[in-house]
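Novice: Have a look; sequence and predicted model below, questions after that.
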Amino acid sequence: MDQPILLQPIATVHSRFERNTPSETMRDFESELVFNPEFEPGLLGLKPGMDILVLFYLHNIDPAKVTMQLHPRHNPENPVRGVFATRSQYRPNPIGATVARIKAVVDNVVTVTGLDALDGTPALDVKPYTAWFDADADARTLEVVEVSSLDKARRAIDRIDTEIIRLLGNRAGYVAQVVKFKQTVDEVRAPARYAQVMRERRELAEEAGLNPDIIEGMYKLLVDNFIKEEMQALGLKEA
């Protein structure tokens, strides 16, 4: 099939960003998907807190800049790759795809965070994002499914524990960075933040159907250890 495909925009992005801006910056701010009136009935079921996959047309792309091979993120230090092995916006069909989180749905306007589309961008489609269906192959194996044997259940548990420990390592990476923003024992211990973390982790445990006392105990053990490491890194001692 080499015939052109005609697509009709279903919405327009309203954003504070009108020029190319790093995606990491754009995703920190709210933007709006203003749906054409005839598509408003299709918003039934979309609610705040839901994640959605937004497909949009990169309407400002200069076709002359499209190339089949490039340095990822336009950084000459990155080895050259084929365009289909990158997230470059300069593509034969300039289609963007981003997972965004709904903040509000009012009439034909859906307010989201996490969308890295410029103001005026035509949106082509919106789909609910579901981890078990849309996530990468490894992440899909972390979702709970019916198993046919004890061995399969144990292998699934091992995969989940592997991922939990990997993420705890990522958490430790951020903890190691916060040291440079602290100087005193009070800043390290941060009692108000400590109490907030424990309270929120208890709430998350309850939402997940877990015993909040057990989860709080686990986090206290983890956080207390990180605090000890921060104190040592800064050369601080208890008063």
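Specialist: Received the coordinates, thanks. Numbers count the residues shown, from 1 in each chain.

Novice: Please make it C-alpha for all contacts and neighbour counts, starting now.
Specialist: Noted.

Novice: where do the strands sit along the protein?
Specialist: Using DSSP state E, the strands found in the chain span residues 11-14, 30-35, 51-57, 69-70, 81-82, 95-106, 109-113, 122-128.

Novice: mind listing what's buried in the second one?
Specialist: What it means is strand 30-35. 30-35 (16 or more other Cα atoms under 10 Å).

Novice: dump the residue contacts of the closest residue to Q69 other than its chain neighbours.
Specialist: The shortest distance from Q69 to any residue other than its chain neighbours is 4.3 Å, reached at G82 (Cα to Cα, 6 or more residues apart in numbering). Residues in contact with G82 (Cα atoms under 8 Å, 6 or more residues apart in numbering) are 68-70.

Novice: can you check P128 too?
Specialist: 50-53.

Novice: Ok, Q8 next?
Specialist: Counting by Cα under 8 Å, 6+ apart, Q8 makes contact with L124.

Novice: from now on call the first residue 66
Specialist: In the new numbering, first residue 66, that becomes Q73.

Novice: how near is it to N101?
Specialist: Applying Cα to Cα, to the nearest Å, the value for Q73 to N101 is 10 Å.

Novice: just M296 next, same as before
Specialist: In this view, M296 and N101 are 56 Å apart by Cα to Cα.

Novice: And T86, by the same measure?
Specialist: Note on T86: its distance to N101, by Cα to Cα, is 26 Å.

Novice: V210 too?
Specialist: From V210 to N101 the distance is 39 Å (Cα to Cα).

Novice: Kindly report the same for A221.
Specialist: Distance from A221 to N101, by Cα to Cα: 44 Å.

Novice: Counting neighbours, go ahead and name the busier of the two.
Specialist: Shown here are A221 and N101; by other Cα atoms under 10 Å, A221 has more neighbours (18 against 13).

Novice: Is the more buried one in contact with T206, as I believe?
Specialist: Yes: contact criterion Cα atoms under 8 Å: A221 and T206 qualify, at 7.4 Å.

Novice: Make JSON lines out of the strands of the chain and add mean pLDDT and distance to Q248.
Specialist: Below are those laid out as JSON lines (pLDDT from 0 to 100; distance: least, Cα to Cα, whole Å):
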{"stretch": "strand 76-79", "mean pLDDT": "98", "distance to Q248": "42"}
{"stretch": "strand 95-100", "mean pLDDT": "97", "distance to Q248": "34"}
{"stretch": "strand 116-122", "mean pLDDT": "96", "distance to Q248": "38"}
{"stretch": "strand 134-135", "mean pLDDT": "93", "distance to Q248": "44"}
{"stretch": "strand 146-147", "mean pLDDT": "96", "distance to Q248": "44"}
{"stretch": "strand 160-171", "mean pLDDT": "96", "distance to Q248": "36"}
{"stretch": "strand 174-178", "mean pLDDT": "97", "distance to Q248": "33"}
{"stretch": "strand 187-193", "mean pLDDT": "97", "distance to Q248": "44"}
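
Novice: That's all I had, so thanks and see you.
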